[in-house]
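S.K.: Could you work out the structure for the sequence below:
(chains A and B)
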2 protein chains.
Amino acid sequence: MKFCSDCGSLLKFATPVGDDRGRFLCPACGSIHYQNPRMVAGCIPEFEGRILLCRRAIDPCYGKWTLPAGYLENGETVSACAERETREETGARVADLAPYRLFNICHINQIYFMFRGRVMDVGEGPGKESLEVMLCTEAEIPWDQIAFRVITETLQTYLRDRRAGSFPFSIGDIGPGIRQEDLRKR
Amino acid sequence: MKFCSDCGSLLKFATPVGDDRGRFLCPACGSIHYQNPRMVAGCIPEFEGRILLCRRAIDPCYGKWTLPAGYLENGETVSACAERETREETGARVADLAPYRLFNICHINQIYFMFRGRVMDVGEGPGKESLEVMLCTEAEIPWDQIAFRVITETLQTYLRDRRAGSFPFSIGDIGPGIRQEDLRKR
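M.R.: Alright, predicted model coming up:
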């Protein structure tokens, strides 16, 4: 962020009067440009004891497996976002969405909100965002090929809760850490 | 949004290739400026069966009563935000935050995330954002002086759940609707 989106002037970074942290300020028109985390909503699509995963056709993590999830749009509810992303990335239609996990991913300013959802219709396969989809049992989950740690942790909690027979809503944190693929490069 | 925050050029509004909705695009540098909902995190501060409310010293709704809540900052977890806002707006320190309600407020592109929290220390009163604070019983809640519908609904659900003896996490929607104060003006 370098220029004012309201008037086009060069911004400065300083703490506004009465605030407690630095913001991008416009010396010309006085606008303050706040920057806030973005929400990602997604889903664990369940079908007769199996989970619907999709294989990413886009970067980052091209070719890796993931749960459908994506950025919440203006004017959209979190559950509508999870349903839309599931449809776009897997082709499937889900219903009965139940809030399941929130993850703080502070180092990239993202909040993930994951639902569980019942697959009503597997559809005609994924759109352009996925290479393929797979309905998999617990034993078939490709743990070493999962795209993001937030997805690995969602799946792990889900399988543990399923064995326990209840799915309480809970919050987790994903730190910067070391990614699996960075480890493999060593 | 009128100018590119990366290069200062005049933006256009159009659907990017491969996208399904309009975005602010920069014809000069190619940047796409996505706009997404912002998260607000807040708290129901509980103290020996009473709830800590604060009276707003800032617009909108100056002079009305509310629960402490505010915008999630970059690099902050949702519970840290709720604790910070509670401290800033009531002076109180809360602990044992339990996720309680999410509200979609689509017409203003906000997602509210409300916790329940145990007041550890009432502190030395509110900072500059509140005129006063009040620890109130159910009977003392000033229902006709609550600042926002999302707060009224949070309090109503909370009191109902307290009578039932459990506080399940749930999601609600706040539509544009008619505000109490608009009704009073008629």
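
S.K.: And the residue nearest the centre of chain A?
M.R.: Nearest residue to the geometric centre of chain A (CA atoms, centre = their mean): A:V40, 4.0 Å.

S.K.: ok, and the closest non-adjacent residue to the most far-flung residue of chain A relative to its centre?
M.R.: Computed with CA atoms, centre = their mean, the maximum C-alpha offset from the centroid of chain A is found at A:A28, amounting to 37.0 Å. Leaving aside its chain neighbours, A:A28 sits nearest to A:S9 (3.7 Å; criterion: CB to CB, 6 or more residues apart in numbering or on different chains). Placement of C-beta: from N, CA and C, glycine included.

S.K.: And A:N104, by the same measure?
M.R.: The shortest distance from A:N104 to any non-neighbouring residue, by CB to CB, 6+ apart, is to B:T77 (4.0 Å).

S.K.: Contacts only, for A:G42.
M.R.: By CB atoms under 8 Å, 6 or more residues apart in numbering or on different chains, A:G42 lies in contact with A:67-70, A:82, A:85-86, A:112-115.

S.K.: Report pLDDT for the residue lying closest to A:D121 once chain neighbours are set aside.
M.R.: Spatial nearest neighbour of A:D121, chain neighbours left out: A:R93 (4.4 Å); criterion: CB to CB, 6+ apart. We note a pLDDT of 97 for A:R93 in this prediction.

S.K.: domains for chain A, by residue range?
M.R.: For chain A, the structural domains run A:1-35, A:38-169, going by automatic domain parsing.

S.K.: Measure how far the longest one is from the centre of its chain, please.
M.R.: Translated: domain A:38-169. Offset of domain A:38-169 from its chain centre (CA atoms, centre = their mean, to the nearest Å): 8 Å.

S.K.: Quick check: mean pLDDT of stretch A:15-30?
M.R.: The average pLDDT within stretch A:15-30 is 95.

S.K.: ok, and which of the contacts of A:G42 reach chain B?
M.R.: Applying CB under 8 Å from any CB of the partner chain to the contacts of A:G42, one finds that A:F113 fall near chain B.

S.K.: can you give me the helices for chain A?
M.R.: A:78-90, A:149-164, A:180-185 (DSSP state H).

S.K.: Other residues contacting the first one?
M.R.: Outside helix A:78-90, the residues within contact range by CB under 8 Å, 6+ apart are A:39, A:41-43, A:45, A:52, A:54, A:68-73, A:76, A:92-94, A:97, A:113-115, A:117, A:123, A:126-127, A:129-130, A:133, B:102, B:104, B:111, B:171.

S.K.: contacting residues for the nearest residue to A:L72 once chain neighbours are set aside?
M.R.: Excluding the flanking residues, the one nearest A:L72 by CB to CB, 6+ apart is A:M39, at 4.2 Å. A:M39 makes contacts with A:71-72, A:78, A:81, A:110-113, B:36-37, B:39, B:111, as judged by CB under 8 Å, 6+ apart.
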